[in-house]
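Novice: Pasted the sequence and its predicted model underneath.
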Amino acid sequence: MRPIHVIGGGLAGSEAAWQAAEAGVPVVLHEMRPGRPTPAHRTGRLAELVCSNSFRSDDALTNAVGVLHREMRALGSVVMKSADAHQVPAGGALAVDRDGFSAAVEAAVRSHPLVRFERGEIAGLPPADWDNVIVATGPLTSPALADAIGALTGEGALAFFDAIAPIVHRDSIDMDVAWMQSRYDKEGPGGDAAAYVNCPMSRDQYEAFVEALLDAEKTEFREFEGTPYFDGCLPIEVMADRGRETLRHGPMKPFGLTNAHAPGVKPYAVVQLRQDNALGTLFNIVGFQTKLKYGEQTRIFRMIPGLNRAEFARLGGIHRNTYLSSPRLLDSRLRLKAAPRLRFAGQITGCEGYAESAAVGLIAGRLAAAERLARQIEPPPATTAIGALLNHITGGHIESIDAGPRSFQPMNVNFGLFPPIFEPRLDEAGRRLKGPERGLARKRALSVRAERDLAAWIAKAGARERA
Ligand SMILES: Cc1cc2nc3c(=O)[nH]c(=O)nc-3n(C[C@H](O)[C@H](O)[C@H](O)COP(=O)(O)OP(=O)(O)OC[C@H]3O[C@@H](n4cnc5c(N)ncnc54)[C@H](O)[C@@H]3O)c2cc1C
């Protein structure tokens, strides 16, 4: 049988190689380190953790990344098995001894009888006779390969920095303060003239907000990242630093908007949020890309009227990060529409995080193996954590509801990516649930549904294999 070629032996590539080999398909795994290093990796090991040693929360009942861990374990993930074997104490989080972890992944993958390991950079598009390829070269894809992918996908389709504005759960916005309206009631392509959530600010509130931005603690760029500011994408704190009124004439301009709760009062500034996913559960704060420290972001963005109790699905940031405009470029099986022999996995697809990258590698490995074995498999449903992530990458995201800049940004798994569920109002004893309890009950219900739907998906896939 002809092999699947996996390019990149990071979190995603190692997992993809393992899953395809476990399915009975030969794999050639290509890794360029240590001969050709990246700016962040320090070793030549497979699945090196470039920064923190944590896979974040392991709570599968109330945390979406915990649900993802549970699903990966159920699907025989080599990354999760190695992480579990090399845990270090970290409360409710799954943290690992990084050397033990990556040595374990490397030992398992390289000793698999169906995996052949080759050191070396793939410095351009893979040879034409590689008919089933998984590109898992990560946020620091080597320039030669990135250039080739960029040329294949077209201008603007491959980004080299993310510029992430914070994303808020829609149901945590106080709509007694905020209102829905598009600037000048302009209709978007979908015919909606009230597409944005608007949060009004008085002069005092605006000045206090600018003051807070200027005083806040910021994170620094790493040496290798440079300072990737370009017009239209300045961090808000940099804009604020250029003049007290700059934000009010930029992303916080109040023009063309009338406060539905107080039509006679002209807001001094307005913060707008734009729908971020097709489900309508997540909204991003328009133009609010930032390098503020996370704690500062939560504190300062909750000063915005209407966002006082905002729950953040992700906070803002700007990093060196190579990733595709996946919703436009990839099909539902992670294949490049323009060249379906190339399948993408890991952070380059627009997921974010160790567990997420490995999870997308896991599903890419299974999809590639099924294709090689001419077996039918459907991707897991969007009600599972892996399915929700896949849906975000390949289609759940709204590219843009008007002629704004491209808005697809890398994202960690979170419950906002799951289709909404009927919210439980009573506990098991029939007592009425209060605010925070209701939130927890909702997360539990999403977790239970994910577990049931993943089990059904595994059973269906198993039945097909036996048939
Ligand atoms: C500086 C930095 C810090 C991060 N910190 C964290 C963190 O603390 N926690 C977290 O959850 N996430 C973090 N991330 C995000 C992300 O989770 C990790 O980058 C993760 O490693 C991504 O997994 P991956 O498999 O997609 O890519 P990687 O793990 O980077 O694997 C890609 C592999 O491909 C190889 N490669 C690249 N180009 C080629 C080529 N042309 N030919 C052959 N091999 C190639 C690379 O050497 C690398 O081994 C960080 C990212 C960066 C850039």
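Specialist: That came in fine, so what should we check first?

Novice: Tell me the pLDDT of the closest residue to the ligand within the stretch 301-450 of the chain.
Specialist: Closest contact between the stretch 301-450 of the chain and the ligand, by CB to the nearest ligand atom, is at G346 (2.5 Å). Every residue, glycine included, has its C-beta placed from N, CA and C. Looking at G346, its pLDDT reads 98.

Novice: Count the residues that sit near it.
Specialist: Counted with other CB atoms under 10 Å, the neighbours of G346 add up to 31.

Novice: Excluding chain neighbours, what is closest to it?
Specialist: Distances taken as CB to CB, 6 or more residues apart in numbering place A12 nearest to G346, at 2.7 Å, with adjacent residues excluded.

Novice: Contact partners for the residue in the stretch 151-300 of the chain positioned nearest to the ligand?
Specialist: Across the stretch 151-300 of the chain, the shortest distance to the ligand (CB to the nearest ligand atom) belongs to R222, at 6.3 Å. Contact partners of R222, counting by CB atoms under 8 Å, 6 or more residues apart in numbering, are 39-40, 320.

Novice: Strands along the stretch 1-150 of the chain, start to end?
Specialist: Taking DSSP state E, counting those that start in this stretch as the criterion, the stretch 1-150 of the chain carries its strands at 4-7, 27-31, 54-57, 87-88, 93-96, 115-119, 133-135.

Novice: Which among these is found nearest to R248?
Specialist: Distance to R248, taken as CB to CB, is lowest for strand 54-57 among the strands of the stretch 1-150 of the chain, at 37.0 Å.

Novice: what is the rounded mean pLDDT of that closest one?
Specialist: On average, strand 54-57 scores 95.

Novice: neighbouring strands for it, and are they parallel or not?
Specialist: Taking DSSP bridges as the criterion, strand 54-57 sits next to strand 93-96 (antiparallel) in its sheet.

Novice: Could you count how many residues lie near the closest residue in space to T258 that isn't next to it in sequence?
Specialist: Closest residue to T258 apart from its sequence neighbours, by CB to CB, 6+ apart: Q181 at 7.1 Å. Counted by other CB under 10 Å, the residues lying close to Q181 total 21.

Novice: ditto for A216
Specialist: Counted with other CB under 10 Å, the neighbours of A216 add up to 18.

Novice: Make 54 the first number, not 1, from now on.
Specialist: Sure thing, new numbering starts at 54, so read that last one as A269.

Novice: Now the closest residue in space to it that isn't next to it in sequence: which helix or strand?
Specialist: Closest residue to A269 apart from its sequence neighbours, by CB to CB, 6+ apart: E349 at 4.2 Å. Element membership for E349, per DSSP states H and E: helix 347-354.

Novice: Who are the packing partners of that helix?
Specialist: If you count contacts as 3 or more CB pairs under 8 Å, 6 or more residues apart in numbering; DSSP states H and E, helix 347-354 packs onto helix 256-268, strand 365-367.

Novice: Might you enumerate the residues of the stretch 254-403 of the chain proximal to the ligand?
Specialist: Within the stretch 254-403 of the chain, the positions adjacent to the ligand are 399-401 by CB under 6 Å from any ligand atom.

Novice: Can you give me the buried ones in stretch 260-270?
Specialist: Within stretch 260-270, the residues scored as buried using 16 or more other CB atoms under 10 Å are 262-263, 265-266, 269.

Novice: circling back to that earlier point, let me know whether the residue nearest to G399 touches G406 as I believe.
Specialist: No - using CB atoms under 8 Å, A65 is not in contact with G406; the gap is 11.0 Å.

Novice: Just give me the longest helix of the protein.
Specialist: Determined from DSSP state H, the single longest helix within the chain is helix 488-519.

Novice: what helices or strands is that one leaning on?
Specialist: By 3+ CB pairs under 8 Å, 6+ apart, helix 488-519 packs against helix 117-127, helix 438-444.

Novice: and among those helices, the most buried is which?
Specialist: helix 438-444 (a mean of 28; mean count of other CB atoms under 10 Å).
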